[in-house]
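Participant: sequence first, then the predicted structure:
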Amino acid sequence: MPHNRCAERTGLSVVVPSASRGPTLHVLLIALLQQVALRKPGSEIIVSHATFDSLNEAPNMSPRVLAACASCDVRRIVHVDSVRINDALGCAHRYVVASKHARNNVLLHLDDDLLPKAALLQALVQSVCAEPGFPEYARTSRPNPFRSAPLRPRFYGTTPRLCSKDGYRFYSRRYTLSQRGKWVLQKPYYVLTNVASMSRALNAEFVAVLNQSYASLMRVTGGEGCDLVFNHFARGAGSTPTALRGHLHTRSVENIRRPKHLQAAAEARALAVNPVDSGIQSKATAATATSKFYGGYEGGKDHYPRRWQICTCLGRGTVGETLVGCATDKAGLKWARGNWSAFAASADLSIVQTHTAQHRRNGESRLRQPG
């Protein structure tokens, strides 16, 4: 890590899209508010409520946090109504919310069921703020024959994936850690954005091209592939997705997801303590029942074949309506199914199969996120 310890004085905006974890989201908020990075002046947690179910829980959030953590500064929690934009873009709405509401130059995009450990959080912030040119990345004013191009920001995460015209792949359990590291160094890769830090400048650049290049695909897929299109944009703009070598594959991330039967019990207890106006509750229930993008991606049918298909299309350089046609072609999906099945058969994918089966058994309702 760079010697410039800018993370010790840099404010952080954490953007957390939330769908149906209202009764348990306070667990994540408490843990984040106690992190050193969130105690810096101006640091904030932006909860992007993607469904009416989540939005309805917003007034209860601070009381729940304070009930368990009296020292937590709930003024750092910012609630944003993102129901409409989530219906339009799925999980890609997080970038728009960050662009409109974040006050700091370092952003952390974080799923509502994942908690980065302190060392990872520090590394994610440090990696961004120590970049040459941060936070504006303007051209250097001094002539430099070795740097004629503008300085470019990167973004940082824990989970690399291969995504190209050859499809979508990731590591199986058969590969050793040393082989993983070698793979990361040898081939261009994408990084999942379920835990990802970046500069506000890079996030804003993506939002500026989102409507023209990728929004139409997000509307058709319900946001499936939102991390893939962000990576595609970043690489095309000269920004490198970077998996932090000391924190590969969620070793530094805790999962605070609850099975549905425990979630239901938590909701019952929460409503008993914090009753909600019946009229508002009825409206919220009706709205979430018809919400287009309500549920996990990875438990859905053809999740991985669809990602394979999207990657092949992005790898060919398609964007806009051409990308939509390519990524939704039925023959292309059938071909992607075959290729994904062949890849799955050649590797030990028990971790994926178990993870997906657990989602289906639990029937969890959550904001659509990449896998």
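Facilitator: Noted; the coordinates are in hand. This one's a predicted model, so the numbers in the text were calculated from it and none came from an experiment.
Participant: please count neighbours and contacts with C-alpha atoms only from this point.
Facilitator: OK.
Participant: quick check: phi and psi at R161.
Facilitator: phi -140, psi 150 (degrees, to the nearest 10).
Participant: need the pLDDT of it.
Facilitator: Looking at R161, its pLDDT stands at 90.
Participant: mind listing the residues bridging to it?
Facilitator: On the basis of DSSP bridges, R161 is bridged to Y190.
Participant: from T51, how far off is it?
Facilitator: Applying Cα to Cα, to the nearest Å, the value for R161 to T51 is 29 Å.
Participant: kindly report the same for K334.
Facilitator: Taking Cα to Cα, one finds K334 at 32 Å from T51.
Participant: of those two, who's got more company?
Facilitator: Remark: of K334 and T51, T51 carries more neighbours, 30 against 15, as counted by other Cα atoms under 10 Å.
Participant: wait, the more buried one sits on S82?
Facilitator: Yes: in this structure, T51 is within contact of S82 by Cα atoms under 8 Å, at 7.3 Å.
Participant: does F206 sit in a helix, a strand or a coil?
Facilitator: Here F206 takes the helix state, with states given by DSSP: H, G, I helix; E, B strand; the rest coil.
Participant: do I have it right that it meets N231?
Facilitator: No: at 9.7 Å, F206 and N231 do not qualify as touching, with contact defined as Cα under 8 Å.
Participant: more neighbours: these two, which one.
Facilitator: Between F206 and N231, counted using other Cα under 10 Å, N231 has the larger neighbour count: 24 against 21.
Participant: grab the nearest non-local neighbour of that one.
Facilitator: Leaving aside its sequence neighbours, N231 sits nearest to Y190 (Cα to Cα, 6 or more residues apart in numbering; 5.9 Å).
Participant: how about the one you found, what does it touch?
Facilitator: Y190 is in contact with 160-163, 228, 231, 241-242, counting by Cα atoms under 8 Å, 6 or more residues apart in numbering.
Participant: a markdown table for these, including distance to H93?
Facilitator: Output for these, formatted as a markdown table (distance: Cα to Cα, whole Å):
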| residue | distance to H93 |
| --- | --- |
| P160 | 22 |
| R161 | 22 |
| L162 | 24 |
| C163 | 22 |
| L228 | 14 |
| N231 | 15 |
| P241 | 20 |
| T242 | 22 |
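Participant: which one of the residues you listed is nearest to S127?
Facilitator: T242 (9.6 Å; Cα to Cα).
Participant: the helix or strand that contains that closest one packs against which elements?
Facilitator: Taking DSSP states H and E as the definition, one finds T242 inside strand 241-243. Counting contacts by 3 or more Cα pairs under 8 Å, 6 or more residues apart in numbering; DSSP states H and E, strand 241-243 packs against strand 155-157, strand 190-191, helix 226-236.
Participant: JSON lines for those, including distance to L25 and mean pLDDT?
Facilitator: Below are the helices and strands packed on strand 241-243 laid out as JSON lines (distance: least, Cα to Cα, whole Å; pLDDT from 0 to 100):
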{"stretch": "strand 155-157", "distance to L25": "22", "mean pLDDT": "96"}
{"stretch": "strand 190-191", "distance to L25": "25", "mean pLDDT": "94"}
{"stretch": "helix 226-236", "distance to L25": "22", "mean pLDDT": "97"}
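Participant: can you map out the strands along the stretch 51-200 of the chain?
Facilitator: When secondary structure is read from DSSP state E, counting those that start in this stretch, the stretch 51-200 of the chain shows strands at 77-81, 106-110, 114-116, 155-157, 160-164, 167-169, 190-191, 195-199.
Participant: pull up the pairing partners for the first one, direction included.
Facilitator: Spelled out, that is strand 77-81. strand 44-49 (parallel).
Participant: now the strand it pairs with: buried residues?
Facilitator: 44-49 (16 or more other Cα atoms under 10 Å).
Participant: and S99, how far is that from E44?
Facilitator: 14 Å.
Participant: for S341, same thing?
Facilitator: Distance, S341 to E44, using Cα to Cα: 43 Å.
Participant: cool, R161 as well?
Facilitator: Distance from R161 to E44, by Cα to Cα: 29 Å.
Participant: likewise Y190?
Facilitator: 27 Å.
Participant: OK, contacts around R94?
Facilitator: 15-17, 48, 109.
Participant: again, but for N105
Facilitator: By Cα under 8 Å, 6+ apart, the contact list for N105 reads 11-13, 135, 199-201.
Participant: for R103, what are its contacts?
Facilitator: 13, 42.
Participant: phi, psi of it?
Facilitator: phi -100, psi -10.
Participant: grab the nearest non-local neighbour of G133.
Facilitator: The nearest residue in space to G133 (Cα to Cα, 6+ apart) is L151, at 6.1 Å.
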